[in-house]
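Student: Need a 3D model of the following:
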Amino acid sequence: MIRNSGGRVLAFGAHPDDMEIGAGGMIARLAKEGASVTMAVVCCPNKTAARVAEAKRGAETLGAELVLLNENRECRVEDVPMYELVRRFDQLIGDLKPDLVITHGKTDLHFDHGLVHTATISAMRRAPCDLLAYLSSPEMNAQSRCFGQCFVDVTETIDTKLAAIACHESQMAKLDLESSKDLARAMGRMSGFQYAEAYEALRIRF
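Tutor: Sure, this is the predicted structure:
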C-alpha cells in the first residue's frame with residue numbers, strides 16, 4: 001500500500017466509469033495525498049468519442065492521469081486476445097513501476113471484468129508491488145462471498161468520487177449516484193468510517 005505521501009499507483013478498468021464507481025474514493029484520496037495515479041481503461045465498446053471524453057473528465061476530477069489502451073478502435077475486452085492484454089498490461093507496469101496496482105475482482109459478475117483481472121495477475125508475475133481488487137458494481141454482484149478484506153476511508157473524497165461518476169453522462173441512465181453513496185456509507189458502518197470502499201487484498205507487502 002501507499003503508506004506515505006507520494007508513490008505510484010496504477011488502476012485498471014475494463015471500461016470508462018468502472019474505476020470511478022469501484023475505486024474512485026481511494027484514487028482521489030491517494031492523488032490528494034501526493035501519489036501519482038494512472039487510470040488505464042482497456043476499451044470503449046460504444047459511443048467512443050463521448051465515452052473517451054467522459055473518461056478524461058472523470059480521471060481529471062479524481063486527480064489521475066488517463067491511459068486508453070485501445071483508444072483508436074471501438075471494441076470489447078473479449079475482442080482483445082488474452083496474450084495481447086497481458087502484453088499491454090506488462091508493458092504499462094514495467095514503464096510505471098507502480099507501488100500499488102488496483103484491478104477488477106475475480107468474482108465480478110461481468111465476464112469482461114474477470115478478463116481484466118486475469119490479465120492483471122498474469123502481468124504482475126514479477127512486479128514487486130501491492131495488489132488490491134474492487135467490484136465495480138457491488139450491488140450487481142450479490143453472488144460474491146464478500147466485498148473484500150480491507151477498507152479504505154473515503155470520507156473526505158466521497159463527493160469527489162460522486163462528481164467523477166457524474167462525468168459519465170452517457171451512462172447516467174444506468175448509474176445511481178445515491179446508490180454509490182449509500183454503499184460507501186454501508187461500507188463505512190462496517191469499518192468504523194463515515195464512508196468507505198472495500199477491497200480484496202490480493203498481495204500486501206510489509
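
Student: Would you quantify the distance from the closest residue to Phe89 other than its chain neighbours to Gly6?
Tutor: In space, Phe89 comes closest to Ala123 once its chain neighbours are excluded; the distance is 3.6 Å by C-beta to C-beta, 6 or more residues apart in numbering. No exception for glycine: its C-beta is placed from N, CA and C like everyone else's. Distance of Ala123 to Gly6, given as C-beta to C-beta, to the nearest Å: 23 Å.

Student: Which residue ranges of this protein form strands?
Tutor: 8-13, 36-41, 65-68, 100-104, 130-134, 150-153, 196-203 (DSSP state E).

Student: okay, these in a markdown table with mean pLDDT next?
Tutor: Shown next, in a markdown table, are the strands of the chain (pLDDT from 0 to 100):
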| stretch | mean pLDDT |
| --- | --- |
| strand 8-13 | 98 |
| strand 36-41 | 98 |
| strand 65-68 | 97 |
| strand 100-104 | 97 |
| strand 130-134 | 95 |
| strand 150-153 | 95 |
| strand 196-203 | 94 |
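
Student: Could you dump those strands into CSV and include distance to Lys161 and mean neighbour count?
Tutor: CSV is the format used below for these (distance: least, C-beta to C-beta, whole Å; neighbours: other C-beta atoms under 10 Å):
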stretch, distance to Lys161, mean neighbour count
strand 8-13, 13, 26
strand 36-41, 13, 24
strand 65-68, 16, 18
strand 100-104, 14, 27
strand 130-134, 12, 24
strand 150-153, 11, 19
strand 196-203, 8, 22
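
Student: Output the below-cut-off pLDDT ranges for the protein.
Tutor: 1-5, 137-147 (pLDDT under 70).

Student: how about 90 then?
Tutor: 1-6, 44-49, 70-76, 106-111, 125-127, 135-149, 170-176, 179, 183, 205-206 (pLDDT under 90).

Student: So for Ala123 and Gly6, which sits in the more crowded spot?
Tutor: Ala123 (22 against 11; other C-beta atoms under 10 Å).

Student: what's the distance between the residue lying closest to Pro45 once chain neighbours are set aside and Gln171?
Tutor: The spatial neighbour of Pro45 that comes closest, neighbours along the chain excluded (C-beta to C-beta, 6+ apart), is Arg76 at 4.8 Å. Arg76 sits 16 Å away from Gln171, going by C-beta to C-beta.

Student: again, but for Ala59
Tutor: Taking C-beta to C-beta, one finds Ala59 at 15 Å from Gln171.

Student: How about Thr160?
Tutor: 18 Å.
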